[in-house]
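Q: Provided below for reference: sequence and predicted model.
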Amino acid sequence: EPEVTQTPSHQVTQMGQEVILRCVPISNHLYFYWYRQILGQKVEFLVSFYNNEISEKSEIFDDQFSVERPDGSNFTLKIRSTKLEDSAMYFCASSEGVTGREQYFGPGTRLTVT
Amino acid sequence: GQNIDQPTEMTATEGAIVQINCTYQTSGFNGLFWYQQHAGEAPTFLSYNVLDGLEEKGRFSSFLSRSKGYSYLLLKELQMKDSASYLCARETGGYQKVTFGIGTKLQVIP
């Protein structure tokens, strides 16, 4: 069964450093998403991406964040100048779109900013 | 706002039926998801409702009333493995933005 994959599973970085979280969505899916979940809190929408551009973004997704689909398979989230409060689990998800609303989530990357 | 309200915790007995309610703001509403999330894992899809009424899928059913801004998830024949958080999530902006509630942590006891 196809699945969304994410690397790394755990990333530790120092405050102020840049990190890139990587995702490989399901191959025939057209819509891609990033969410984060701070420990013990709700899943929060960050951004959706379709046709090589951002479709929607939340107020959390400020200039510190950017997304990219550098090739036909990868979807990345870059966080510039990380802050302590960026420590969270980051989930990538993908969906077919018109024919399927279901979003398939990857296993997540746990980001720890020290 | 994007308020989604659901109980934070529920407890139910193995073999029983439990209903988890969710209310949400109706402005801009497109559809309603339910996801299951076990501790330390990613959410997994359970259901998506866009029309009023009940949709059944095995032991799980989901109901939607668009006019009332109300949904529920019904779990039948509860099993111990159903102990998890159940996330109500509201879709807006076509199918491009999903806002999650805090989730209802369900504990199934013997």
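A: Perfect, thanks for sending it.
Q: Who are the contact partners of residue B:76?
A: B:17, B:59-61 (CB atoms under 8 Å, 6 or more residues apart in numbering or on different chains). Just so you know, the C-beta spots here come from the backbone N, C-alpha and C atoms, and that holds for glycine as well.
Q: my bad, residue A:41
A: With CB under 8 Å, 6+ apart, residue A:41 has these contacts: residue B:102.
Q: So for it, what's the pLDDT?
A: Residue A:41 is assigned 93 on the pLDDT scale.
Q: Distance check, it against residue B:64.
A: According to CB to CB, to the nearest Å, residue A:41 and residue B:64 sit 26 Å apart.
Q: Which residue comes closest to residue B:42 once chain neighbours are left out?
A: residue A:105 (4.0 Å; CB to CB, 6 or more residues apart in numbering or on different chains).
Q: So that neighbour sits against residue B:36, correct?
A: No: applying CB atoms under 8 Å as the test, residue A:105 and residue B:36 come out as separate, 10.9 Å apart.
Q: Just the buried subset of the contacts of residue B:76, please.
A: Those of these that meet the buried threshold are B:60-61, by 16 or more other CB atoms under 10 Å in any protein chain shown.
Q: Check the contacts of residue B:76 against residue A:21 and report the nearest one.
A: residue B:60 (31.3 Å; CB to CB).
Q: just for the chain, where's the confidence low?
A: Here I'm looking at chain A. The model of chain A has pLDDT under 70 over residues A:98-100.
Q: sorry, should have said chain B
A: Using pLDDT under 70, chain B drops low at B:1-2, B:94-95.
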